[in-house]
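Undergrad: just the structure for this:
(one chain, ligands or ions: 1)
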Amino acid sequence: MKEPIVTLKDLKVHYPIRSGFFNRVTDRVKAVDGVTLSLYPGQTLGLVGESGSGKSTIGKTIVGLEAMTSGQLLYQGQDVSRPRQRKEKHYNRDVQMIFQDSLSSLNPRKNIYDIIAEPIRNFERLDPVAENKRIRELLSIVGLPQRTLFQYPFQFSGGQRQRIGIARALATNPKLIIADEPVSALDLSVQAQVLNFMKQIQRDLGIAFLFISHDLGVVRHMTDDIAVMHRGRLVETGSRTDIFDHPAHIYTQRLLAAIPSINVAARQTHRQQRQAIERVFDEQYTDYYDGDGLPLPLRKLSATHAAAIKQPEGRD
Ligand SMILES: Nc1ncnc2c1ncn2[C@@H]1O[C@H](COP(=O)(O)OP(=O)(O)OP(=O)(O)O)[C@@H](O)[C@H]1O
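TA: Okay, the predicted model is just below:
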C-alpha cells in the first residue's frame, strides 16, 4: 500500500463553552474525540454522519482552520501538527478545501480571475503571462467559458459558483482536497452534474479527496472507502461493499435506512424498515455505546472493515 498523504492520529478537537458574567469556560464540546484515519494518494474517502457528529471539524482541522486540542497530523509521514511545520512542508499549498456554501466562500468584491489567482499568488510566484495562462486553463478544466473570467460571483448560478470554488482549490495543484458537503446547497439536478464533474477531475488528476457528507446516498456515488462518524468518533470504516452490504454498526444501519427510496411503490415498506431499525437501535444501544453514550473503540473485522462493536463473547 502507498504511503498516506495525510494521517490523523487520535485527533481531539474540543470547543470551550463560556458562560456567566466572567465569561469563564464552563464546559467543552468534544466535537472530535479520538479519531485516527489516513488519506491515500488518488483515493476518495467518504466521511459521513448526521449533523453535529464532527465531520466539518475534522475537515477544518486538516486544512488548519481549527486548532487541534490533542493528537497528531502527519503529512507524508512527517509531523505537521504545528502551523509552522505546515508552512515549511508546503502543506498549505498541497491541501485545499471546497466549501458547502459557494456564495459566502467566494469574495463578492473580487472577479473570478482574482479569486482563482489568489492561491497562486500566495504560494507560487508566476509572471503575469504564466498566471493568465494557468487561470484560463483552470477555467476550462472546470468547464466555464473564458468570457466569464472578469465577472463577479453573484453573476453565476450555484452550480457554476461551485465550479469556481473547485478551480480555486485546483489552482495550486494540490495532492488532497477536502470537500465539505460540496453539493448540499444545490438543486438535485445540479448536484448530480457537480458530483460527476468532481469524480471526473479526481480520476483525471489523481487527487485524493476527503468527501464530507451527511448523505450516504451521495457518498455511495462518490467514494470507494467510507468512514462513518457519530458523536465525535468513528463508528465504522470500510469499503463501499463493507458499509453498504455488511454494515456492522447499528448507527451505520440507521443511516442506511434513512436513504430515501426513489421507488414510490417501495416507500411504505421502506418506512416500516426504517421504524424497525429505530427500534433495534434503542434496544441494542448498550451493545454499541458505553455508559456515557460514547461509541466503543473500533475493532478490526477484516483487512478493509472495522467497527465500534463489542468483542464476541469468549474472546478478548
Ligand atoms: N466554533 C465552535 N464552538 C463551539 N462548538 C462548536 C463549534 N464548531 C462546531 N461546534 C460543535 O461541535 C460539534 C461538531 O460540529 P461539526 O460542525 O464538526 O459537525 P458536522 O458533523 O460537520 O455537522 P454539520 O453537518 O451540521 O456541519 C457540534 O456539536 C457543534 O455544535
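
Undergrad: so which bits of the stretch 51-200 of the chain are right by the ligand?
TA: Residues of the stretch 51-200 of the chain lying close to the ligand by C-beta under 6 Å from any ligand atom are 51-57. Yep, even glycine has a C-beta here, placed from its N, CA and C like the rest.

Undergrad: now secondary structure and pLDDT too, for the residues you listed, in a markdown table please.
TA: Below are these laid out as a markdown table (DSSP: H, G, I helix; E, B strand; the rest coil; pLDDT from 0 to 100):
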| residue | secondary structure | pLDDT |
| --- | --- | --- |
| Ser51 | coil | 90 |
| Gly52 | coil | 91 |
| Ser53 | coil | 94 |
| Gly54 | coil | 95 |
| Lys55 | helix | 95 |
| Ser56 | helix | 94 |
| Thr57 | helix | 96 |
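
Undergrad: I'd say Val183 and Asn196 touch.
TA: No - taking contacts as C-beta atoms under 8 Å, Val183 lies outside contact range of Asn196: 10.5 Å.

Undergrad: and those two? Which one has more around it.
TA: Val183 (24 against 12; other C-beta atoms under 10 Å).

Undergrad: how about the contacts made by the more buried one?
TA: 162, 190-191, 194-195, 218 (C-beta atoms under 8 Å, 6 or more residues apart in numbering).

Undergrad: just the closest of those residues to the ligand, please.
TA: For those, the minimum distance to the ligand (C-beta to the nearest ligand atom) is 12.6 Å, reached by Val218.

Undergrad: mind checking which helix or strand the closest one is in?
TA: For Val218, the host element (DSSP states H and E) is helix 216-222.

Undergrad: for Ile17, same thing?
TA: Going by DSSP H and E, Ile17 is part of strand 6-19.

Undergrad: and the average pLDDT for that strand is what?
TA: The pLDDT scores in strand 6-19 average 93.

Undergrad: name the residues of it that are buried.
TA: Applying a neighbour-count criterion of 16 or more other C-beta atoms under 10 Å, one finds 6-9, 11-14 buried in strand 6-19.

Undergrad: what do you get for stretch 272-279?
TA: Using 16+ other C-beta under 10 Å as the test for burial, stretch 272-279 gives 274, 277.

Undergrad: picking up where we left off before, just give me the closest of the contacts of Val183 to Gln284.
TA: Gln284 lies nearest to Val218 out of those, by C-beta to C-beta, at 27.3 Å.
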